[in-house]
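J.: give me coordinates for this.
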Amino acid sequence: MSYDYLFKMIFVGDTNVGKTAIANRLARNRFDCHYDATIGVDFLSLTLDIDEKRIKTHIWDTAGQECFSSIITTYYRGVAGAVLVFDVGRKSSFNKCNYWLHQILNKGSDEHTPCLFLIGNKCDKNDREVSREDAEKFAKENNMLYFETSAKKDINVHECYKKIIKYIATSVDLESATEHQGIRKGMISHTKLQEKEERDCFICCNIL
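T.: Okay, the predicted model is just below:
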């Protein structure tokens with residue numbers, strides 16, 4: 001499939017906040033009642049049409065356990081956008097946002113800060129422990145855009161991700177962007193082998 005630009009995106013946050021559920025809802029429009037904890041990093045791909053541009057996104061879905069932090073560190077480098085996810089029904093996951101934000105900012109590329117986004121997932125819950133006001137305040141203080149979603153009920157997942165990608169596309173000079181910024185200019189990808197080559201190239205470029 002041809003595309004104009006490729007964005008590398010990373011999902012981070014505490015365990016069981018719904019990062020994988022959001023990624024699956026985006027890429028496969030599917031929700032599973034039971035998810036195994038992510039081991040290290042999972043990968044999904046999604047293509048969107050934004051302002052007459054076709055933008056392919058690689059979504060790197062990271063584990064929420066700190067024991068995998070050394071593995072995940074590589075993936076903080078060279079990302080176009082970082083999406084920090086918490087569970088609106090679990091305040092401890094919101095309190096952990098400072099930790100994850102620190103990881104993104106201090107273990108990524110020294111010369112590049114990705115666009116930052118905060119998602120409060122599981123907004124379908126009747127009993128909230130984190131108010132929208134508190135989440136919006138945290139996002140504003142840290143120069144992040146805030147969204148609320150429910151991967152389970154398919155509330156605002158696709159809409160917010162499209163806004164996220166559009167924000168990046170309109171905030172960055174795409175013509176001069178580099179892979180160290182998590183952005184690559186378009187190419188044609190027809191096979192799973194080419195998809196693997198794209199992923200491997202992004203990783204190699206960011207490790208060097």
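J.: pull the number of nearby residues for Lys153.
T.: 13 (other C-beta atoms under 10 Å). Heads up, the C-betas are built off the backbone N, CA and C, glycines and all.
J.: do you know how far it is from Ile119?
T.: 14 Å (C-beta to C-beta, to the nearest Å).
J.: now do Ile168
T.: In terms of C-beta to C-beta, Ile168 sits 15 Å off from Ile119.
J.: among these two, which residue is more densely surrounded?
T.: Taking neighbours as other C-beta under 10 Å, Ile168 and Ile119 compare with Ile119 leading, 30 against 25.
J.: give the contact list for the more buried one.
T.: 22, 83-86, 146-149, 160 (C-beta atoms under 8 Å, 6 or more residues apart in numbering).
J.: which of these fall within helices?
T.: 22, 160 (DSSP state H).
J.: cross the contacts of Ile119 against strands and list the overlap.
T.: In strands, judged by DSSP state E, the following of the contacts of Ile119 are found: 83-86, 146-148.
J.: nearest to Glu179 among those?
T.: Val83 (19.3 Å; C-beta to C-beta).
J.: give me the number of residues near that closest one?
T.: With other C-beta under 10 Å as criterion, Val83 counts 28.
J.: surely it is in contact with Cys115?
T.: No - using C-beta atoms under 8 Å as the test, Val83 is too far from Cys115 to be in contact (9.4 Å).
J.: need the overlap of contacts for those two.
T.: With C-beta under 8 Å, 6+ apart, Val83 and Cys115 have common neighbours Ile164.
J.: run through who's touching the helix or strand where His102 lies.
T.: Using DSSP states H and E, His102 sits in helix 97-107. For helix 97-107, the external contacting residues (C-beta under 8 Å, 6+ apart) are 10, 12-14, 69, 72-73, 76-77, 82, 84, 86, 113-114, 116, 118, 138, 142.
J.: follow-up on the earlier one: got the ones in strands among the contacts of Ile119 as a markdown table, with distance to Phe94 and pLDDT columns?
T.: As requested, the ones in strands among the contacts of Ile119 are exported to a markdown table (distance: C-beta to C-beta, whole Å; pLDDT from 0 to 100):
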| residue | distance to Phe94 | pLDDT |
| --- | --- | --- |
| Val83 | 15 | 97 |
| Leu84 | 10 | 97 |
| Val85 | 10 | 98 |
| Phe86 | 5 | 98 |
| Tyr146 | 12 | 98 |
| Phe147 | 14 | 98 |
| Glu148 | 12 | 98 |
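J.: tell me the one of those nearest Ile164?
T.: Val83 (6.8 Å).
J.: so the closest one bridges to which residues?
T.: Phe11, Phe117 (DSSP bridges).
J.: distance check, it against Ala23.
T.: 10 Å.
J.: what touches both of those two?
T.: Joint contacts of Val83 and Ala23 (C-beta under 8 Å, 6+ apart) are Phe11.
J.: excluding sequence neighbours, find me the nearest residue to Arg30.
T.: Distance criterion C-beta to C-beta, 6 or more residues apart in numbering; nearest residue to Arg30, sequence neighbours excluded, is Asn24 at 5.3 Å.
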